[in-house]
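J.: 3D model of this:
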Amino acid sequence: MNGRPSKPEVGQLLEDYDWIKFVEYVFSLDLSGDGQTCRINSTKTGKQLTIIFPEPAAPGQVSSAADTEYNGYLKLIDVSTKAGEVTTYKVKVVNGADTASATAGYYQHGLSNIAVPVSSELTITASGYVYVTITYDGNYVFTFAFAQSVPASTQGHIVREIAKITMASGSMSISQSQFGPLITAGVL
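T.: This is a model prediction of the structure:
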């Protein structure tokens, strides 16, 4: 293939664009993965993308290298406790750059940056999700919760997933979903 395909023209219908040329261009690129979390193999029929998931962590440990490296707003951390042989799995939402801060991050709504407070400890009993519900009653209210599924946003309640929790073989692993400040469009 010779060079990049042209961009669609303003007003051009999507079905009139040369998508075959675009796909051929993408497949002609020399794509590569890092070999640890992503691997790309060329086969006779095309390219194969493999995502490599980490092994479950030991109790009280974070399993994903990406999660341990992320140190930004709204980071979910493991604050589990152990009494004898019994581990009580708990997590908390904090500012990863300053875990002693009372502010876990910010909510960007329009031109406003509203401070999001650190969550209380949330007890984890099964695989599921940590999420935040944003409401407004004259002030913004941020309610962090854990459930096996993330509820849908409704009028007056915006819901955003923070992280996925996986419980397996007596251990907990955290997969961070929210990176950076919370950003939403629309009105509460």
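
J.: need the longest strand for the chain.
T.: If you go by DSSP state E, the chain has its longest strand at strand 158-168.

J.: for it, buried residues please.
T.: Ile158, Val159, Arg160, Ile162, Ala163, Lys164, Ile165, Thr166 (16 or more other CB atoms under 10 Å). The C-beta positions use only the backbone N, C-alpha and C, and glycine is treated the same way.

J.: beta partners of the last one?
T.: Each beta-bridge partner of Thr166 is listed here, defined by DSSP bridges: Ser173.

J.: I figured it was touching Ala126, is that so?
T.: No: here Thr166 does not reach Ala126: they are 9.7 Å apart, not a contact under CB atoms under 8 Å.

J.: need the next SSE after the lowest-mean-pLDDT helix or strand in the chain, C-terminal direction.
T.: Sorted by mean pLDDT, DSSP states H and E, the helices and strands of the chain end with helix 65-69, the least confident at a mean of 51. On the C-terminal side of helix 65-69, the closest following helix or strand by DSSP states H and E is strand 75-78.

J.: ok so, going back, and the longest strand of the chain, what does it pack against?
T.: In terms of contacts (3 or more CB pairs under 8 Å, 6 or more residues apart in numbering; DSSP states H and E), strand 158-168 is packed against strand 90-94, strand 128-136, strand 171-176.

J.: kindly state the domain boundaries assigned to this protein.
T.: Using automatic domain parsing, the domains assigned to the chain come out as 14-51, 65-183.

J.: now do the buried residues in stretch 171-182.
T.: Ser171, Met172, Ser173, Ile174, Ser175, Gln176, Ser177, Gln178, Pro181, Leu182.

J.: tell me the pLDDT of the first one.
T.: Okay, so that is Ser171. We have a pLDDT of 88 for Ser171.

J.: all set now, cheers.
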